[in-house]
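Student: Pasting a predicted model and its sequence here:
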Protein chains: 2
Amino acid sequence: MAVTIKDVAARAGVNASTVSRVLKDSSEISDKTKAKVRKAIDELGYRRNAAAGILASGKTNTIGVVFPPVVGKSNQPFFMQILTAINAEAQKSQVSIAIATGHETEEVERQVRLLHQEKRVDGFIVLYAGASDSVRDYMMEENIPFVLVGTPSESDSKLSCIDNDNHLMGRRAVQYLTGLGHERIAFVSNTRRGEVFKQRYRGFADEMDFRELKQRLIIFDEEELFGDETALVVLDDALGIKVIEVFIRAGKTVPKDVSVITFNNSIFSTLLHPQLTTFDINIIQLGAAAVQQFLSLSNKDEEKADEQKIIIPFELIERESARKL
Amino acid sequence: MAVTIKDVAARAGVNASTVSRVLKDSSEISDKTKAKVRKAIDELGYRRNAAAGILASGKTNTIGVVFPPVVGKSNQPFFMQILTAINAEAQKSQVSIAIATGHETEEVERQVRLLHQEKRVDGFIVLYAGASDSVRDYMMEENIPFVLVGTPSESDSKLSCIDNDNHLMGRRAVQYLTGLGHERIAFVSNTRRGEVFKQRYRGFADEMDFRELKQRLIIFDEEELFGDETALVVLDDALGIKVIEVFIRAGKTVPKDVSVITFNNSIFSTLLHPQLTTFDINIIQLGAAAVQQFLSLSNKDEEKADEQKIIIPFELIERESARKL
DNA sequence: CTGAAAGCGCTTACAG
DNA sequence: CTGAAAGCGCTTACAG
């Protein structure tokens, strides 16, 4: 019923195998034949049948994107954005996206297994990087190519990671604030766990030490927010908004009484005033690089796998929440 | 290399076609044979090859999920949540999800075309419902089964829609506030467009009229927020937060000076204090119903298509932003 | 540079 | 209730 490669072949007066070669723009085919075949393709409105191609070639040309379990986390905007970025980049190379989501690890793992076992994907892009993760273990055991967005702590050097340099971001935050004249600076977090926290805080602490400045870590909702600090480095935008709210309720003003700088440049950063001065983590590049890395990884001989860590640049977005002392 | 249906057949001592029938639990096969075949399947760790099944059957068992262009909109959390809900429900019926996203309509449309033409999907779930939409037009022309989450205004009765009753939600907001003793109530929006706004506002206005109360529409950022109102019905949570911020900055208190009720129960609703009293729109059910509706639609004879509108119940979540006058 | 043929791993009438 | 066979629409050695 639908137009097949045979119809095109008949119309162009060639063999089906020739049409197939033209479709992948094989250099073996003469330009004349290519033109002839392409004409037939256009006239007939031919489209390749994805399933047939996959079955015959054994290549799915689709990447499974794995979301963290418990998507209820407040940092959701990130995931939709990176999914969009990944999909956009994948389109460029004619590859498709499948997804694995779920509320529990078991559910996600089940989906990952299914995608792989039913041969629906060539491999995965994993959108989280917990210290240890059964999904990742499975992929390593099965020798499935995959790429991580983030950096797990036990940085198994064999992993292929795409990430920002969170440590450097922490340092830069301090550098920016000291450049504004601040010296009494604290780091505010609502958690003591997670690589993102550890690295950003570590960077903050290292830079403060380097400048011989006294540094303090404040755990939000557990410890007193008010001290003698004139500036705060806050783990992310959503927390930044909360921190500022506390100050406002206490009759203080940001950035007049205290400057605040945060990370991520998410939708939270422009929700309220003062709008947040924050580091943009470049989600689009993060997604694009993940796809590119995956593609080069899976096209390579299994052996030559030169896994590596790819660092995506960040950028400080100066808005309203931080200013000269 | 991988285990195929033939391997299973050989081991179980039956024909491949029998294995295929057992896989879909055909009632034609005897229980004894089924047991035998299933044993072989387990022992061999067999998994069906998705592409082969799709090619042979012509059914992809996958649904394309279409996101609105310009995902940069602030209401993003909704999309990740409904994607998760859709995926969860789809899993139950062994169907997969493909996605179409993009920054412009053309890009989204291109992807939709591709998914359909390459026979990667059986149809679509469209996550938006603009008044007129070229993507939707394409699907209608091509007679592709699809389901809408939302309700387009020119409510072409032939469409299959899943939605909350936004008009009723608008009325309920008024009923709740009047129940709390409020009579001077305004509706706050940051737009005059979109079905969601129109229906929620319409419901608000109708109920106010019904109660012979004077009603007012305030467009945020264009018109003065402060009036003699004691309560505000706000289009969505994100706007609710902004509205409250304006009051706080003016030295007023919510809900002491003014009660606020919003819609969606998104992550914004519990971000700050006062936490928002808001209508939960039940995204999980929205997603599940969309999948179920799609499945019943596409399994049905093309003719008998009994498209319909499915209404998902909402629920008022009472938190801190509204109280007795 | 192009063709003929086998094959990818299923499904599904058709027989019996 | 089960089997044998054809076929889904491609890809890709193998020849020439």
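Tutor: Cool, the structure landed.
Student: List the contacts of residue A:262.
Tutor: Under the criterion of Cβ atoms under 8 Å, 6 or more residues apart in numbering or on different chains, the neighbours of residue A:262 are A:233-237, A:239-240, A:269, A:276-279, A:321. From N, CA and C alone the C-beta is placed, and that goes for glycine too.
Student: Same question for residue A:228.
Tutor: residue A:184 are the contacts of residue A:228 under Cβ under 8 Å, 6+ apart.
Student: same question, residue A:43
Tutor: residue A:11.
Student: what about it, helix or strand, and which?
Tutor: helix A:31-44 (DSSP states H and E).
Student: Residue ranges of each domain in chain A, please.
Tutor: A:5-48, A:62-164+A:284-313, A:166-281 (automatic domain parsing).
Student: can you list those domains in JSON lines and add mean pLDDT and distance to DNA strand D?
Tutor: Formatted as JSON lines, those follow (pLDDT from 0 to 100; distance: least, Cβ to the nearest atom of the strand, whole Å):
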{"stretch": "domain A:5-48", "mean pLDDT": "90", "distance to DNA strand D": "3"}
{"stretch": "domain A:62-164+A:284-313", "mean pLDDT": "88", "distance to DNA strand D": "11"}
{"stretch": "domain A:166-281", "mean pLDDT": "95", "distance to DNA strand D": "38"}
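Student: before we move on, the earlier item: from the chain's centre, how far out is the helix holding residue A:43? Work that out for me.
Tutor: For helix A:31-44, the separation from the chain centroid amounts to 40 Å (computed by Cα atoms, centre = their mean, to the nearest Å).
Student: For that helix, buried residues please.
Tutor: A:33, A:34, A:36, A:37, A:38, A:40, A:41 (16 or more other Cβ atoms under 10 Å in any protein chain shown).
Student: is it true that residue A:264 touches residue A:279?
Tutor: Yes: judged on Cβ atoms under 8 Å, residue A:264 makes contact with residue A:279 at a distance of 7.0 Å.
Student: Please give me every residue in contact with the nearest residue to residue A:274 once chain neighbours are set aside.
Tutor: Excluding the flanking residues, the one nearest residue A:274 by Cβ to Cβ, 6 or more residues apart in numbering or on different chains is residue A:320, at 3.5 Å. Going by Cβ under 8 Å, 6+ apart, residue A:320 touches A:255, A:273, A:274, A:275, A:276, A:277.
Student: and what of residue A:59?
Tutor: residue A:122.
Student: thinking again about what came up before, and the helix or strand following the helix holding residue A:43, does that touch DNA strand C?
Tutor: Using DSSP H and E, the next helix or strand after helix A:31-44 towards the C-terminus is helix A:50-57. Yes: interface with DNA strand C: helix A:50-57 contributes A:52, A:55, A:56 (Cβ under 7 Å from any atom of the strand).
Student: The first one: how many residues sit nearby?
Tutor: By that I understand residue A:52. The local packing of residue A:52 (other Cβ atoms under 10 Å in any protein chain shown) involves 17 other residues.
Student: same check, this time on the one 10 residues further on
Tutor: Close neighbours of residue A:62, defined as other Cβ under 10 Å, add up to 20.
Student: Residue A:210 too?
Tutor: 11.
Student: and if you look at residue A:249?
Tutor: 11.
Student: What's the separation between it and residue A:276?
Tutor: 18 Å (Cβ to Cβ, to the nearest Å).
Student: And residue A:110, by the same measure?
Tutor: 39 Å.
Student: ok so residue A:147 is a strand residue?
Tutor: Yes: under DSSP: H, G, I helix; E, B strand; the rest coil, residue A:147 falls within a strand.
Student: from memory it sits against residue A:162, does it?
Tutor: Yes: using Cβ under 8 Å, residue A:147 is in contact with residue A:162, at 6.4 Å.
Student: Now the common contact residues for the two.
Tutor: Joint contacts of residue A:147 and residue A:162 (Cβ under 8 Å, 6+ apart) are A:290, A:293.
Student: just to revisit the earlier point, mind putting the domains of chain A in JSON lines, distance to residue B:190 included?
Tutor: Listed next are those as JSON lines, based on distance: least, Cβ to Cβ, whole Å:
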{"stretch": "domain A:5-48", "distance to residue B:190": "42"}
{"stretch": "domain A:62-164+A:284-313", "distance to residue B:190": "19"}
{"stretch": "domain A:166-281", "distance to residue B:190": "12"}
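Student: Among residue A:110 and residue A:276, which residue is more densely surrounded?
Tutor: Neighbour comparison, residue A:110 and residue A:276: the larger count goes to residue A:276, with 31 against 15 (by other Cβ under 10 Å).
Student: which residues touch the nearest residue to residue A:108 once chain neighbours are set aside?
Tutor: Nearest non-adjacent residue to residue A:108, counting by Cβ to Cβ, 6+ apart: residue A:102, 4.3 Å away. Counting by Cβ under 8 Å, 6+ apart, residue A:102 touches A:67, A:69, A:108, A:110, A:111, B:84, B:87, B:88.
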